[in-house]
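**Student:** A predicted structure for the sequence below; I have some questions about it.
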Amino acid sequence: MSVLPAFDILEPATVEEAVALKSEHPGARYLAGGTDLVPNLRRGIGSPDRLISLAATSALQRFEDTPEGLVIGAGVRLSELAESALLRAPHAALATAAGSIAGPGHRAMATVGGNLCLDTRCVFYNQSRWWRAANNYCLKLNGDTCHVQKKGDKCVAAYSGDLAPALMVLGAEVEIATAGGRRRLALASLFREDGKDYLDLGPADLLVAVHLPPLSDLRSGYLKSRVRQSMDFPLAGVAAAIRCEGDRIADLAVAITGTNSRPILLEGLQDLTGAALDEALLDALGKSVARSIKPMRTTSMPSLYRRQMAGVLARRLVSRLYEERN
């Protein structure tokens, strides 16, 4: 890593001021915890002349239980999220995911919004400037070819945020501040299957908060595979939420991270509900995972390993949640 490039820091007090500053300075970057942005800047990945610090934007710190459900500000620290009493049993997937991210020092700085908007990762991208230059850069930054796939005409860098799948299975929506006002959308709609342009955000848009509906009679969890049991990003991460009526599965949601350029919320799982959990159902779940994901050679581990591990984790997690239903 090299020294940080020179930049000015702007400190807006409100969300509206932050968005206005970003509109005025298109080359600026929003800065929250900085645990992903700053290391990338030190690798020469980007060189903004201004950073818009969100530290003084108090509205982003909102974290409360309302009659409409939980509201989690984008500036809430991961350590607070992992330890919060507001995350009761139905939200276990979210607390577990937050507590599994990096190390304690990172979680004390990193934010909800930062993890959701985490830059996609690849072994050809997350390198020093000289390493990337020696390999003719890549399609994601400064180059014209993706070195991972044969055609090389689309970036397949992997999304590795842990919070997104946990929030997806809990039915989360995100609130976005724009130059023209605010909008809300399902969390899954925030992401694109494009490692270079992976977020559905305008140039000045700012993620403000996550909204979760009231939850009851639900169990959820999160599991991930990584090279080391601390610090590392997920090679494959799986979140699941299950609601049972007696021995029968009434609702099932599963989402996956670390394998594609976006987190994947599995579709068609309603076909697996209405019966008790058995091997046939687990086999069908594993096949659904295999159909839905497309890991590429973007990490130090083989793609086949990540594909198989995602299926194993999904089966393991759903089985555990089903056994815990009583």
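**Tutor:** Received, thanks. Numbering: from 1, shown residues only.

**Student:** List the contacts of the nearest residue to residue 277 once chain neighbours are set aside.
**Tutor:** Excluding the flanking residues, the one nearest residue 277 by C-beta to C-beta, 6 or more residues apart in numbering is residue 322, at 4.5 Å. Every C-beta, even on glycine, is put in place using the N, C-alpha and C of the backbone. By C-beta atoms under 8 Å, 6 or more residues apart in numbering, the contact set of residue 322 is 242, 244, 249, 277.

**Student:** Can you list phi and psi of the nearest residue to residue 101 once chain neighbours are set aside for me?
**Tutor:** Leaving aside its chain neighbours, residue 101 sits nearest to residue 162 (5.2 Å; criterion: C-beta to C-beta, 6+ apart). Per-residue torsions, residue 162: phi -90, psi -30 (degrees, to the nearest 10).

**Student:** Run a quick neighbour tally on residue 162.
**Tutor:** Using other C-beta atoms under 10 Å, residue 162 has 29 neighbouring residues.

**Student:** Centroid-wise, who is the farthest residue in the chain?
**Tutor:** Taking C-alpha atoms, centre = their mean, the residue of the chain most remote from its mean C-alpha position is residue 246, at 32.7 Å.

**Student:** Now it. Its backbone dihedrals?
**Tutor:** Main-chain torsions, residue 246, degrees, to the nearest 10: phi 70, psi -130.

**Student:** swap in residue 319?
**Tutor:** Phi and psi for residue 319, reported as degrees, to the nearest 10, are phi -60, psi -40.

**Student:** what sits against it?
**Tutor:** Applying C-beta under 8 Å, 6+ apart, the residues near residue 319 are 277, 282.

**Student:** again, 10 Å this time
**Tutor:** Neighbour list for residue 319: 240, 277, 281, 282, 285 [criterion: C-beta atoms under 10 Å, 6 or more residues apart in numbering].

**Student:** Going by secondary structure, the residue positioned nearest the centre of the chain is in what exactly?
**Tutor:** Nearest to the mean C-alpha position of the chain, by C-alpha atoms, centre = their mean, lies residue 161 at 2.9 Å. Secondary structure assignment for residue 161, by DSSP states H and E: no helix or strand.

**Student:** Next: residue 41.
**Tutor:** Going by DSSP H and E, residue 41 is in helix 37-42.

**Student:** Quick check: buried residues in that helix?
**Tutor:** 37, 40, 41 (16 or more other C-beta atoms under 10 Å).

**Student:** For that helix, which helices and strands make contact with it?
**Tutor:** strand 29-31, strand 50-53 (3 or more C-beta pairs under 10 Å, 6 or more residues apart in numbering; DSSP states H and E).

**Student:** Find the one among these with the highest mean neighbour count.
**Tutor:** Among the helices and strands packed on helix 37-42, the stretch with the highest mean neighbour count (mean count of other C-beta atoms under 10 Å) is strand 29-31, at a mean of 21.

**Student:** I'd like the distance from it to the chain centre, please.
**Tutor:** Its chain's C-alpha centre and that of strand 29-31 lie 17 Å apart, by C-alpha atoms, centre = their mean, to the nearest Å.

**Student:** Same check on stretch 25-36?
**Tutor:** On C-alpha atoms, centre = their mean, the centre of stretch 25-36 falls 17 Å from that of its chain.

**Student:** Can I get it in CSV? Just the C-alpha atoms.
**Tutor:** C-alpha atoms of stretch 25-36 as CSV (Å, rounded to 0.1, in the frame of the first residue of the first chain):
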residue,chain,number,x,y,z
HIS,A,25,-18.6,17.8,-6.4
PRO,A,26,-19.3,14.7,-8.6
GLY,A,27,-15.8,13.4,-8.1
ALA,A,28,-16.1,13.3,-4.3
ARG,A,29,-16.7,10.2,-2.3
TYR,A,30,-18.9,9.7,0.8
LEU,A,31,-16.9,8.6,3.9
ALA,A,32,-18.5,6.8,6.8
GLY,A,33,-16.3,4.3,8.7
GLY,A,34,-13.8,4.2,5.9
THR,A,35,-12.8,0.5,6.6
ASP,A,36,-13.2,-0.4,2.9
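
**Student:** Helix, strand or coil: sort out residue 311 for me.
**Tutor:** Under DSSP: H, G, I helix; E, B strand; the rest coil, the three-state class of residue 311 is helix.

**Student:** Dihedrals phi and psi, the closest residue to the residue nearest to the centre of the chain other than its chain neighbours?
**Tutor:** Excluding its sequence neighbours, the residue lying closest to residue 161 (C-beta to C-beta, 6+ apart) is residue 118, at 4.2 Å. Main-chain dihedrals, residue 118, degrees, to the nearest 10: phi -50, psi 130.

**Student:** Okay then, goodbye and thanks.
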